[in-house]
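Asker: Just need the structure, nothing else, for what follows:
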Amino acid sequence: QVQLVESGGGLVQTGGSLRLSCAASRSDFSIATMAWYRQAPGLQREVVAKITSSGLVNYADSVKGRFTISRDNAGNTGYLQMNALKPEDTAVYYCNAGLLGRSTRELLDIWGQGTQVTVSS
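Answerer: Below you'll find the predicted structure:
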């Protein structure tokens, strides 16, 4: 069974930066597509950023110019670089990836376990 393992959350002051990582637990799968979502208490989960298999990216208006989504060339790990953080960015962040079997070409839709990001004012 393949999983996505998230890391990089934490507590940061307003204006600070964090980088979230999302790694496939098995090397025989690569990240084909990826999205980052976040969910604040009492609110619905919302999409923050997406990257397609060809590298096209899309961001929520609230994070444009501050967040950057990427993945490494090997397709093993995806990232969300978050700069100029604001208190309203506080949420649990989840990665969601389309994982492609490198030999089987099997495509799986997998969610990470979530990581807490807290921005203090």
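Asker: Near Glu106, how many other residues are there?
Answerer: Counted with other C-beta atoms under 10 Å, residues neighbouring Glu106 total 12. Quick note: C-beta positions are derived from backbone N, CA and C, even for glycine.
Asker: Let me see the contact set for it.
Answerer: Listed by C-beta atoms under 8 Å, 6 or more residues apart in numbering, the contact set of Glu106 reads Leu100.
Asker: Now do it against Val117, distance only.
Answerer: Here Glu106 is placed at a distance of 32 Å from Val117 (C-beta to C-beta, to the nearest Å).
Asker: and what of Leu85?
Answerer: Look at Leu85 and Val117: by C-beta to C-beta, they are 8 Å apart.
Asker: and for these two, which residues touch both?
Answerer: With C-beta under 8 Å, 6+ apart as the test, Leu85 and Val117 both reach 12, 18.
Asker: Could you pull up phi and psi at Gln44?
Answerer: Dihedral pair for Gln44: phi -80, psi 160, per degrees, to the nearest 10.
Asker: Next, the contact list for it, please.
Answerer: Neighbour list for Gln44: empty [criterion: C-beta under 8 Å, 6+ apart].
Asker: now Asn58
Answerer: Residues in contact with Asn58 (C-beta under 8 Å, 6+ apart) are 49-51.
Asker: Okay, and Gln81 sits in which element?
Answerer: For Gln81, the element it lies in under DSSP states H and E is strand 77-82.
Asker: From the contact counts, what lies against the very next helix or strand once past that strand?
Answerer: Note on strand 77-82: by DSSP H and E, the next helix or strand toward the C-terminus is strand 91-101. Applying 3 or more C-beta pairs under 8 Å, 6 or more residues apart in numbering; DSSP states H and E, one finds that strand 91-101 contacts strand 4-7, strand 18-24, strand 29-39, strand 77-82, strand 107-111, strand 115-120.
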